[in-house]
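Undergrad: my questions are about this predicted structure, shown below with the sequence.
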Amino acid sequence: MKKYDLIVVGGGAGGLTVAAGAASLGANVALVEKRDDLGGDCLHFGCVPSKALIEAANEVYHARNVQAYGIHASGDVDLKAINDRVKASVDHIQEHDDIDRFRELGIDVYLGGASFATDHEIKIEGHENIHGKRIVISTGSRPNVPPIEGLEETGYITNESAFNLEKLPKKLVFIGGGPIGLELAQAYSRLGSEVTVLEAGPHLLGKEDQDIQKTAQRMLEQELNVITNARVSKTSRQDEKNYVHYTIDDEDHVIEADQIFLAVGRKPNTDTLQLENAGVEMDEKGHVKVDDTLRSSVPHIFAVGDVNGGLYFTHVAGYEGKTVVQNALYGLKRKISYNNIPWNTYTTPEIFHFGLTQQEAQEKHGDVMIYKTELDQVDRFVADHATNGFIKIITDTKGNIVGAHAIGKGAGDWMQVVVLAVEKGMKIGDLSNMIYPYPNHTASIENASNQYWRAKLFNGFIPKLSKTFIRWFR
Ligand SMILES: Cc1cc2nc3c(=O)[nH]c(=O)nc-3n(C[C@H](O)[C@H](O)[C@H](O)COP(=O)(O)OP(=O)(O)OC[C@H]3O[C@@H](n4cnc5c(N)ncnc54)[C@H](O)[C@@H]3O)c2cc1C
Ligand SMILES: NC(=O)c1ccc[n+]([C@@H]2O[C@H](COP(=O)([O-])OP(=O)(O)OC[C@H]3O[C@@H](n4cnc5c(N)ncnc54)[C@H](O)[C@@H]3O)[C@@H](O)[C@H]2O)c1
């Protein structure tokens, strides 16, 4: 049986980071992937195709709304051309995740589904078993399909089937108003579908700051039919038409749908891994249980990415991957921390999330300071006619930034400045001390952080001191 220093099971965002990192440091690495290509969900069914579709849909939307510039445009959407464009983005990035590239790093890449024979031995479909001194599980997640009566009859699509639809659905009903549902609901709406989002909770985007939730919902409702507190009870098919049945406060409602899109969270890919053969423990949802060094209940087996149930993001899988390389190869106990992880939701306008929401910050710190600027106070957004949105920076009473949130054009890009500031130990006052080129979008950060000094200068003892000083010198 072939022996390795490290076996990585799953060749997506997390697994590829671990495999490449460990091989570069001289480890003898095997990488096992059940698909016939690498890249995982993010590349094939997630981030990349969704962002390419969103971009295409935004272009269509802008083209149809150029009357303000004196141009009138209309016309049908060529879904095949859009699908080809999405595929071209995936193919381009696939070159980076090419199997040969990993083989050139000295990694043995096995294509076939993997499972545990023992705590050191991996079975691979179509190959002989291999032995690993250490093993990293990075098998990701898949769409959660809830047991809703009728789904088999009506059919449904998920992010795994959405990027090669042959026909644009006229009436599209999304079940789930989280990031997957909303990013894609808006994209299909912009391409021309009539889109309804049914969300079980009282708000869209349940993990966001409440102010962001409200603004996002108000803005998205201009393009989507949003129904919250909707409990989907069943789906049905009659006279070649599909229907989604839901209740709000025990009152029954029904809506017609050409297609039903399920976006109700994720399920970890652990069910075929035979983790019991290795003694690896799972939580009640099937995630691999890990400690803050990403070790499972078996100390030489680690788990990174969606499969460990932490935060479901590509950049988190990458961060965890880098940490695990050090812990697995050198026996270190580097801990993971999710405190400084930003994320973006790529709706229009974009939503940026970093650290605690206002509600979480108040719960944790008691007294907090809120520095908020509406984008209509920022000249560049006014010039862009993109004044919808705001930025909110939350600090403790000493000026330490504990959360930052924004909704607005390009927020995911310009808010990264705040992440750097926190990473470098800067406080809100330091953000105000920087020079911002006029008129750019980061001026929104300048405007919000200036409020800190304004409050200090005009409300504290400094104005009194200054008055006395000036009078004395006059
Ligand atoms: C529609 C959508 C949009 C998203 N957009 C973003 C975004 O904009 N930004 C962001 O940060 N995140 C985004 N995400 C989340 C992101 O895709 C995931 O968090 C990320 O892919 C997780 O990486 P991973 O390595 O854990 O899993 P994956 O990248 O899914 O990799 C897991 C790999 O393991 C393989 N595998 C599974 N079981 C086995 C087995 N038994 N044997 C061998 N191989 C196996 C799979 O085939 C897969 O290749 C999005 C997700 C979706 C669904
Ligand atoms: N831009 C990004 O970074 C990005 C984009 C997409 C996805 N993701 C990642 O993927 C993860 C999964 O996304 P998601 O949107 O599927 O999950 P989610 O858990 O964030 O949202 C699912 C939503 O569906 C609702 N829901 C659940 N069951 C329902 C039902 N029966 N009827 C109606 N509503 C129901 C939930 O209340 C929730 O609001 C995200 O948490 C995120 O980490 C990231």
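TA: Yes, it's here. Because the structure is a prediction, the values reported are computed rather than measured. Ligands and ions are numbered 1, 2, ... in the order given.
Undergrad: contact residues of the stretch 351-474 of the chain facing ligand 1?
TA: Within the stretch 351-474 of the chain, no position is adjacent to ligand 1 by C-beta under 6 Å from any ligand atom. (Each C-beta comes from the backbone N, C-alpha and C, glycine too.)
Undergrad: what about stretch 42-59 and ligand 2, any contact?
TA: No: Stretch 42-59 lies out of reach of ligand 2 by C-beta under 6 Å from any ligand atom, never closer than 6.7 Å.
Undergrad: mind checking how far that stretch is from the chain centre?
TA: 13 Å (C-alpha atoms, centre = their mean, to the nearest Å).
Undergrad: all strands of the stretch 201-350 of the chain, in order?
TA: 225-227, 231-238, 241-248, 251-257, 259-262, 266-268, 301-303, 342-345, 350-355 (DSSP state E, counting those that start in this stretch).
Undergrad: show me the contacts for whichever residue of the chain sits closest to ligand 2.
TA: Going by C-beta to the nearest ligand atom, ligand 2 is nearest to Gly178 of the chain, at 2.1 Å. By C-beta atoms under 8 Å, 6 or more residues apart in numbering, the residues touching Gly178 are 204-207, 263-265.
Undergrad: next: Val402.
TA: 355-356, 361, 364-365, 368, 394-396.
Undergrad: do Asp367 as well
TA: 396-397.
Undergrad: swap in 10 Å and give it another go.
TA: Neighbouring residues of Asp367 by C-beta atoms under 10 Å, 6 or more residues apart in numbering: 361, 396-397.
Undergrad: same check, this time on Ile260
TA: Here Ile260 is in contact with 148, 150-151, 154-158, 169, 171-175, 198, 232, 235, 242-244 (C-beta under 10 Å, 6+ apart).
Undergrad: quick revisit: now that we have the contacts of Gly178, which of them are buried?
TA: 204-205, 263-264 (16 or more other C-beta atoms under 10 Å).
Undergrad: which residue sits closest to the residue sitting nearest the centre point of the chain, ignoring its sequence neighbours?
TA: The C-alpha lying nearest the average C-alpha coordinate of the chain belongs to Phe313 (C-alpha atoms, centre = their mean; 4.8 Å). Leaving out its chain neighbours, the residue that sits closest to Phe313 by C-beta to C-beta, 6 or more residues apart in numbering is Trp343, at 5.6 Å.
Undergrad: now do that neighbour against Gly389, distance only.
TA: 17 Å (C-beta to C-beta, to the nearest Å).
Undergrad: same question, Lys2
TA: 55 Å.
Undergrad: okay, those two: which has more neighbours?
TA: Gly389 (24 against 14; other C-beta atoms under 10 Å).
Undergrad: stretch 194-213 near ligand 2 anywhere?
TA: Yes: judged by C-beta under 6 Å from any ligand atom, stretch 194-213 comes into contact with ligand 2 through 198-201, 206.
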